[in-house]
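K.L.:
Provided below are the primary sequence and the corresponding predicted coordinates.
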Amino acid sequence: MSVKDHPRLLSSPQLRLVGGVNEAMYNEFRDQLNAAPEEGPLVIAITTLGGNPEIARCMADDVRLLRESGRELLFLGKAAVYSAGATFMAGFPISSRYLTKGTRLMVHERQITRTINLSGPLQSCTDQLRAVLHEIEHSINIEQEGFRAMVEGSEVDFEEVCEKAPDNWYIDCQEALERGLIAGVV
């Protein structure tokens with residue numbers, strides 16, 4: 001599908017999500033999805049400054065399941081698709097990703113803020129530290145899976161994302177189109 005084939009479809013999304021990617025957005029996503037027409041292509045528009053990457057992955061998994069059942073779903077990013085929003089976008093194939101004029105993507109590494117208070121026997125303290133280290137390592141693996149999904153089939157390679165993500169990589173819609181991260185700008 002191209003923008004030229006379906007301009008009206010892209011201009012009237014059936015699902016519209018605005019705000020932080022969190023449990024409330026997920027509930028709104030599910031409510032709107034349940035109320036959406038059951039036939040034909042479905043456009044999901046999102047504007048977000050980011051949020052919980054695991055909620056974004058969950059939403060993307062819902063999209064995957066619908067696509068595997070034969071439903072056509074399109075992503076439409078509007079204004080800002082930052083952080084967890086880009087994680088959600090990665091759940092769509094490039095041929096189903098669109099941004100509106102002036103929209104920016106922002107990709108960055110996952111963040112953690114954690115204070116570790118060690119108390120108790122020394123063996124217990126090493127176990128606590130090991131558990132936090134495992135959490136960080138697992139989160140890095142998930143982050144990298146998302147980066148790979150976002151750039152798969154584009155002109156951007158995984159190493160470039162890993163290089164630019166620590167400094168918050170902002171990508172305007174034209175660059176995203178030129179680099180093959182999206183199918184079109186509307």
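P.N.:
Good, I have the coordinates.
K.L.:
Tell me how far the most far-flung residue of the chain relative to its centre lies from Q32.
P.N.:
For the chain, the largest distance from the centre (C-alpha atoms, centre = their mean) belongs to P121, which lies 41.6 Å off. Taking C-beta to C-beta, to the nearest Å as the measure, P121 falls 51 Å from Q32. The C-beta positions use only the backbone N, C-alpha and C, and glycine is treated the same way.
K.L.:
got it, and F88?
P.N.:
Distance of F88 to Q32, given as C-beta to C-beta: 14 Å.
K.L.:
Which one's more surrounded, the two?
P.N.:
F88 (29 against 16; other C-beta atoms under 10 Å).
K.L.:
Sticking with that one, tell me its helix or strand.
P.N.:
helix 84-89 (DSSP states H and E).
K.L.:
what's the following helix or strand after that helix?
P.N.:
Following helix 84-89 toward the C-terminus (DSSP H and E): strand 97-99.
K.L.:
What is that next one packed up against?
P.N.:
strand 73-82, helix 173-178, strand 184-185 (3 or more C-beta pairs under 8 Å, 6 or more residues apart in numbering; DSSP states H and E).
K.L.:
now it: mean pLDDT?
P.N.:
The pLDDT scores in strand 97-99 average 97.
K.L.:
now swap in stretch 118-127 and tell me
P.N.:
Stretch 118-127 comes out at a mean pLDDT of 90.
K.L.:
circling back: and the helices and strands packed on strand 97-99, which is most packed in?
P.N.:
Mean neighbour count, computed with mean count of other C-beta atoms under 10 Å, is highest for strand 73-82 among the helices and strands packed on strand 97-99, reaching a mean of 23.
K.L.:
then it to PDB, C-alphas only?
P.N.:
Only the C-alpha atoms of strand 73-82 are listed here, as PDB (Å, rounded to 0.1, in the frame of the first residue of the first chain):
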ATOM      1  CA  LEU A  73      -2.500  -2.500  10.200                       C
ATOM      2  CA  LEU A  74      -0.800   0.700   9.400                       C
ATOM      3  CA  PHE A  75       1.300   2.900  11.800                       C
ATOM      4  CA  LEU A  76       0.900   6.700  11.600                       C
ATOM      5  CA  GLY A  77       3.200   8.700  13.700                       C
ATOM      6  CA  LYS A  78       2.100  12.300  14.300                       C
ATOM      7  CA  ALA A  79       4.300  15.200  15.700                       C
ATOM      8  CA  ALA A  80       6.500  13.200  18.100                       C
ATOM      9  CA  VAL A  81       7.200   9.500  18.200                       C
ATOM     10  CA  TYR A  82       9.800   9.300  20.900                       C
END
